[in-house]
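> Below are the sequence and a predicted model for it; my questions follow.
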Amino acid sequence: PEAILDFGFDTDSVMVSQYSHLITRRLRELNIFAEMLPCTQKLADLPYKPKGVILSGGPYSVYALDAPHVDPTVFDLEVPVMGVCYGLQEIAWNHGQDVSAGDKKEYGHAVLKITKHPNAASHVDTLFDGLGEEMEVWMSHGDKLGCLPDNFVTIAETSNAPFAGIAHAEKKLFGIQFHPEVTHTPMGKKLLENFAVKLCQCKQEWTMTKFVDTEIERIRKLVGPTGQVIGAVSGGVDSTVAAKLMHEAIGDRFHAILVDNGVMRLNECQIVHKTLTEGLGINLKIVDASEQFLSRLKGVENPEKKRKIIGNTFIEIFEAEAEKLVKETGVEMNFLLQGTLYPDVIESISFKGPSATIKTHHNVGGLLEDMKLKLIEPLRELFKDEVRALGTNLGIPEDLVWRHPFPGPGIAIRILGEVTPEQVAIARQADHIFIEEIKAAGLYRQISQAYAALLPCKAVGVMGDLRVYDQIIALRAVKTTDFMTADWFDFDGKFLRRVSTRIVNEVRGVCRVLYDVTQKPPGTIEFQ
Ligand code: XMP
């Protein structure tokens, strides 16, 4: 995609092939820009010559019929190449050498013995420079190297893998069987630094400020002096950061639209309006479509149906508003802004070939075709924490930068029965109290996501002298790094007591509060 290829760090790039986004991550932590591309990438098609190439690990055997293979010209580029795990086998395979299925598969810790070659070419020992004679490494492989390819020497071994590290005697070609990118290899980052800085001569200049400058330049060039960009904002971190970046680049030629779907958090629209318009100067239009959404949600209990209705209604309204905007302002829109992040891009990178843009289009797909909009995705190089750093760099308030994620279908998938205005009001208030208390206790940043759900059934209680029969709130708070697995947050009893008392006292229609102690898996983060 153009966005990646246009990216301005041409001269200092290390290219990383398929599978291990952690390698990219570690290099960025070293202030080196790295880009992950499918392993089948034709190197001649790149608009720049990378300073080095890393072939990552992968779950295949190089001998399998459907195994992925690199473009062999990678070995003619005359830049350093390092293979990690599968990458090592790929290098050996390309150099005509035997890779055998390991008699013992090896997973877990191993002690690596480093071999020095004082009489060899100087690059041979550079990978392990400053790493001593032994280091702890993390292994995870089935196949291993049966013998050395011609012209290679062993630079490291373990008790189970005699060729755990190899280097070409003349060319800067390396293979390592272990994973330097995982934290279980404590000195792995230093090894990556040796490769990128000492062998590839990459400069350690990748910083957020540099990213902002380059990205603003890139946006200006792409959009041109008169181009117009439209985009939806939600009040979340990603869309706000993307919007602010666009505003910095092209000012009021960026048009943000916030669609109020009636199932956002308490006072969300006012807060977003205040922050984005008054605080950040973004050209924002708020469309109150809550009645439309809520009337379509009437009588619907099935979570997937709720999602579909909300998704489709959103597209419909956004399209109509975009057309209105064109009529009102008399200017054509040329681009559609999306806050796609790097993990979404990685997910869709595969040697089997699906396009890297499948996931991102589906939100507002119709718009792209009907209005002939091109997609602009300024965050597609970044991980979530980098987006937060970028947000801070752009002067977005801390509160917003550290906001928990909020699902597109909003409170509708946290109201477990029918979504009515009354149920929305109850769920919102309870959620607001819970989050307010979490913030007051200084716990917000320790929790990845927290919210209150409203159960569709009633329980008996006594309040004052009266017997009541009211609804139940379930609280959910989880800690997670990737949202794929999660653990519930261990609040102390005092905190939960305070929240429960407040909710029962302040939210009419609720007489009980439960706390969800289910991990993911098996429970998902959302209730629906
Ligand atoms: P689950 O419930 O699958 O949630 O464990 C994982 C993360 O995804 C968010 N989520 C959604 N986000 N539309 C969204 O934009 C959705 O339909 C949706 N469902 C779940 C959820 O909030 C959590 O962060």
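Cool, got the structure.
> Tell me which stretches of the stretch 101-250 of the chain form strands.
Residue ranges of the strands in the stretch 101-250 of the chain, as given by DSSP state E, counting those that start in this stretch, are 134-145, 152-157, 165-168, 173-176, 229-232.
> In a markdown table, list those strands along with mean neighbour count and distance to H21.
(C-beta placed from N, C-alpha, C; glycine too.) Listed next are the strands of the stretch 101-250 of the chain as a markdown table, based on neighbours: other Cβ atoms under 10 Å; distance: least, Cβ to Cβ, whole Å:
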| stretch | mean neighbour count | distance to H21 |
| --- | --- | --- |
| strand 134-145 | 20 | 16 |
| strand 152-157 | 21 | 24 |
| strand 165-168 | 25 | 23 |
| strand 173-176 | 26 | 18 |
| strand 229-232 | 24 | 26 |
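> Looking at these, spot the one closest to I286.
Counting by Cβ to Cβ, I286 lies closest to strand 229-232 out of these; the figure is 11.4 Å.
> That closest one pairs with which strands?
Looking at strand 229-232 with DSSP bridges, its partner strands are strand 254-260 (parallel), strand 335-337 (parallel).
> Flag every residue of the stretch 351-500 of the chain that's near the ligand.
Applying Cβ under 6 Å from any ligand atom, we find that the stretch 351-500 of the chain lies next to the ligand at P405, P407, G408, P409, Q449, F483.
> Most neighbours among those residues, which one?
Highest neighbour count within those, by other Cβ atoms under 10 Å: P409, with 24 neighbours.
> Can you tell me the closest non-neighbouring residue to that one?
I310 (4.6 Å; Cβ to Cβ, 6 or more residues apart in numbering).
> now do V387
Leaving out its chain neighbours, the residue that sits closest to V387 by Cβ to Cβ, 6+ apart is V241, at 5.3 Å.
> number of nearby residues for the residue nearest to G188 when sequence neighbours are not counted?
Excluding its sequence neighbours, the residue lying closest to G188 (Cβ to Cβ, 6+ apart) is P180, at 3.3 Å. Using other Cβ under 10 Å, the number of residues around P180 comes to 27.
> Pretty sure P180 sits against N194.
No - counting by Cβ atoms under 8 Å, P180 does not reach N194; the two are 9.7 Å apart.
> Restrict stretch 306-322 to CA atoms and write it as PDB.
The C-alpha trace of stretch 306-322 is given here as PDB (Å, rounded to 0.1, in the frame of the first residue of the first chain):
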ATOM      1  CA  LYS A 306     -27.400  -5.200  17.600                       C
ATOM      2  CA  ARG A 307     -23.900  -5.000  16.100                       C
ATOM      3  CA  LYS A 308     -25.200  -5.200  12.500                       C
ATOM      4  CA  ILE A 309     -27.900  -2.600  13.100                       C
ATOM      5  CA  ILE A 310     -25.500  -0.200  14.700                       C
ATOM      6  CA  GLY A 311     -22.800  -0.800  12.000                       C
ATOM      7  CA  ASN A 312     -25.200  -0.400   9.100                       C
ATOM      8  CA  THR A 313     -27.000   2.600  10.500                       C
ATOM      9  CA  PHE A 314     -23.600   4.200  11.200                       C
ATOM     10  CA  ILE A 315     -22.600   3.800   7.600                       C
ATOM     11  CA  GLU A 316     -25.900   5.100   6.300                       C
ATOM     12  CA  ILE A 317     -25.800   8.200   8.500                       C
ATOM     13  CA  PHE A 318     -22.100   8.900   7.900                       C
ATOM     14  CA  GLU A 319     -22.600   8.700   4.100                       C
ATOM     15  CA  ALA A 320     -25.600  11.000   4.300                       C
ATOM     16  CA  GLU A 321     -23.700  13.500   6.400                       C
ATOM     17  CA  ALA A 322     -20.700  13.400   4.100                       C
END
